[in-house]
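Undergrad: dropping the sequence and predicted coords here.
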Amino acid sequence: MRPTRTEACTPWAIALAALLSQLGGCSAEEGQDTIRVGRCLEGYTCVPRSNAPPEPTPGPPAEDPGEPPPPEPTAPVPPDAKLRELDYRVVDAAYDAPTGEVVVVSDEPQELIVVAPDGLGERRYPLPDKPVTVGVSADGRLAGIGYATGVAVLEIATGAPVATCAAPTNVKHVAITNAGRVFALSSVEDADVHRLTALDSSTCSVLAEVGADSHSVFALTRSERTLFLLNGLFMRCLVQPASGTRGLESCDRTRVSDSCGGFWLERGETELYTQCATRYRLPSESDPAHPELRGGQFPDIDRVDMVTASAASNRVAVLGFMQVSGVAAPLGTRILRIYDSVFLDPLAALGLPPLPTATGTTASYGRFVFADAAMKTALVFVRAAPGSSARREFGLALVPIPEDTVAPDAGSLDSGSPDSASPEAGVR
């Protein structure tokens, strides 16, 4: 007796059984659950395809691993750098220039947190929903908060609500004036379609709207007269009249870059830094000239996560990295880079303190950076890599900036004379 064999009832198997039946006088029973080829093929059974064991399929050819990705850039952590673990998730943060505090919004728990200038003390206020973004008024009194469900205005000193508006929804970025006028960038029906809305928060009435796209970002000047909108390939200057109800008025349009998804307005308001690691000199608000490239590219990075610049100290602190062709963009950078603000020459590379784990430490990546005009200490909000063993996902690093990183005097190259007495941190 031959061993039993099993095959799926494919057409060729049925035909073979029929042929063997004719040659050997055996019978092939078609239309049954099985086809048995009696004494001609003892023990041979053809089962229906649905009951047949799956045939092994060849796997994909082994991929050539190629060259391993380059090692992640690191730098020595300053010996006197400190890190404080945070028990909240940092969604967005903004600098309060008059007080030197940092205003943070968290979605777990849903809170507004006001961090003291030394990075140690903080005040915490509950929020009614998961926040998406936060902006601070130039006088440091009000915080504008964007939600998926609308916008709200709070007093920073007390956390007391000032206004809540149910529109616009799906807010991505906000700015707020001293009088409580809110500018909100939000997505509409299509996620790729955005609009910038000027809103009177006291009445929730819309003053003006401007079309935008999914890569748009904007910054409002401290004078509240000019708003810079990076809208796809163009930066548009929009003027808000000191009085009147229009809210926004087209000023000019200038090509900036093909791929920048963010920018930061230096608080002296003479320069603008982009996510593409370039810098632009801005004309005064009374100057009709278009913004012009000034200083070009940062020499050793081509992607920026955040910038904080000080015209008073002629230094720029940057969270950025160099993208590698064919390699996915990293989670962020483990280095705080310091440049002079005149020529963008590198002055220092400072490693970020690691986050603690149960048995040691794990790498931390910079998310937001803030510093005052003296640029002596940077407050860097850091996070752990997804899936890491860090005890807390977020932390706040206090990174001293060496005093010997002295930038050259701007001299005649300086584009303006901002008030050196006021803190000058990056505005998102």
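TA: On my side now, so go ahead. Numbers count the residues shown, from 1 in each chain.

Undergrad: only C-alpha atoms from now on, for both contacts and neighbour counts.
TA: Noted.

Undergrad: domains of this structure?
TA: 5-51, 82-413 (automatic domain parsing).

Undergrad: for the ones you listed, which has the smallest mean pLDDT value?
TA: Comparing mean pLDDT across those, the weakest is domain 5-51, with a mean of 48.

Undergrad: for the protein, what spans make up the helices?
TA: Assigned by DSSP state H, the chain shows helices spanning 11-24.

Undergrad: tell me which stretches of the stretch 201-350 of the chain form strands.
TA: 205-213, 217-220, 226-231, 234-239, 249-255, 263-265, 271-274, 278-281, 292-297, 303-310, 315-321, 335-340, 346-351 (DSSP state E, counting those that start in this stretch).

Undergrad: save these as a markdown table, and put in mean neighbour count and distance to residue 383 too.
TA: Shown next, in a markdown table, are the strands of the stretch 201-350 of the chain (neighbours: other CA atoms under 10 Å; distance: least, CA to CA, whole Å):
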| stretch | mean neighbour count | distance to residue 383 |
| --- | --- | --- |
| strand 205-213 | 16 | 28 |
| strand 217-220 | 24 | 23 |
| strand 226-231 | 23 | 27 |
| strand 234-239 | 20 | 31 |
| strand 249-255 | 15 | 34 |
| strand 263-265 | 26 | 21 |
| strand 271-274 | 24 | 22 |
| strand 278-281 | 22 | 25 |
| strand 292-297 | 15 | 27 |
| strand 303-310 | 26 | 13 |
| strand 315-321 | 26 | 13 |
| strand 335-340 | 24 | 13 |
| strand 346-351 | 20 | 14 |
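
Undergrad: could I get those strands as a markdown table with distance to residue 82?
TA: Formatted as a markdown table, these follow (distance: least, CA to CA, whole Å):
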| stretch | distance to residue 82 |
| --- | --- |
| strand 205-213 | 40 |
| strand 217-220 | 31 |
| strand 226-231 | 36 |
| strand 234-239 | 38 |
| strand 249-255 | 41 |
| strand 263-265 | 26 |
| strand 271-274 | 28 |
| strand 278-281 | 30 |
| strand 292-297 | 31 |
| strand 303-310 | 19 |
| strand 315-321 | 17 |
| strand 335-340 | 14 |
| strand 346-351 | 11 |
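
Undergrad: so which of these is nearest residue 199?
TA: strand 205-213 (4.7 Å; CA to CA).

Undergrad: tell me what that closest one is packed against?
TA: In terms of contacts (3 or more CA pairs under 8 Å, 6 or more residues apart in numbering; DSSP states H and E), strand 205-213 is packed against strand 193-200.

Undergrad: what sits up against the strand it packs on?
TA: Outside strand 193-200, the residues within contact range by CA atoms under 8 Å, 6 or more residues apart in numbering are 168, 180-188, 205-214, 216, 247-248.

Undergrad: for the closest residue to residue 103 other than its chain neighbours, list each beta-bridge partner.
TA: The shortest distance from residue 103 to any non-neighbouring residue, by CA to CA, 6 or more residues apart in numbering, is to residue 114 (4.6 Å). On the basis of DSSP bridges, residue 114 is bridged to residue 103, residue 123.

Undergrad: residue 114 and residue 122 touch, don't they?
TA: Yes. With contact defined as CA atoms under 8 Å, residue 114 reaches residue 122; the gap is 5.3 Å.

Undergrad: so those two - more neighbours on which side?
TA: residue 114 (24 against 14; other CA atoms under 10 Å).

Undergrad: do you know how far that one is from residue 310?
TA: 22 Å (CA to CA, to the nearest Å).

Undergrad: does residue 124 really touch residue 112, like I thought?
TA: Yes. Here residue 124 lies in contact with residue 112, judged by CA under 8 Å, at a distance of 5.8 Å.

Undergrad: what are the buried residues along stretch 357-369?
TA: 362-369 (16 or more other CA atoms under 10 Å).

Undergrad: ok, of those, which one's closest to residue 281?
TA: Closest approach between the buried residues of stretch 357-369 and residue 281, by CA to CA: residue 369, at 21.8 Å.

Undergrad: is that closest one bridged to anything, and to what?
TA: residue 380.

Undergrad: quick check: it touching residue 309?
TA: No. Taking contacts as CA under 8 Å, residue 369 lies outside contact range of residue 309: 10.2 Å.

Undergrad: overlap in contacts, those two.
TA: residue 317.

Undergrad: thinking again about what came up before, ok, so of the buried residues of stretch 357-369, who is nearest residue 301?
TA: Among the buried residues of stretch 357-369, residue 366 lies closest to residue 301 (CA to CA), at 14.8 Å.

Undergrad: for the closest one, which non-adjacent residue is spatially closest?
TA: Spatially, and ignoring its direct neighbours in sequence, residue 366 is nearest to residue 382 (4.4 Å; CA to CA, 6+ apart).

Undergrad: so what's the residue count around the one you found?
TA: 30.

Undergrad: what sits against it?
TA: By CA under 8 Å, 6+ apart, the neighbours of residue 382 are 364-368, 394-397.

Undergrad: likewise for residue 390?
TA: Residue 390 neighbours (CA under 8 Å, 6+ apart): 355-358, 361-362, 384.

Undergrad: do that again at 6 Å, thanks
TA: 356-357 (CA atoms under 6 Å, 6 or more residues apart in numbering).

Undergrad: that one and residue 79, how far apart?
TA: For residue 390, the distance to residue 79 - CA to CA - is 21 Å.

Undergrad: what's opposite residue 82 in the beta bridge?
TA: Legend: beta-bridge partners of residue 82 under DSSP bridges are residue 398.

Undergrad: going forward, count from 21.
TA: Happy to do that; since the first residue is 21 now, the last one works out to residue 102.

Undergrad: burial count for it?
TA: Applying other CA under 10 Å, I find that residue 102 has 17 neighbouring residues.

Undergrad: these two touch, right, it and residue 418?
TA: Yes. The pair residue 102 / residue 418 is scored as a contact, 5.2 Å apart, by CA atoms under 6 Å.
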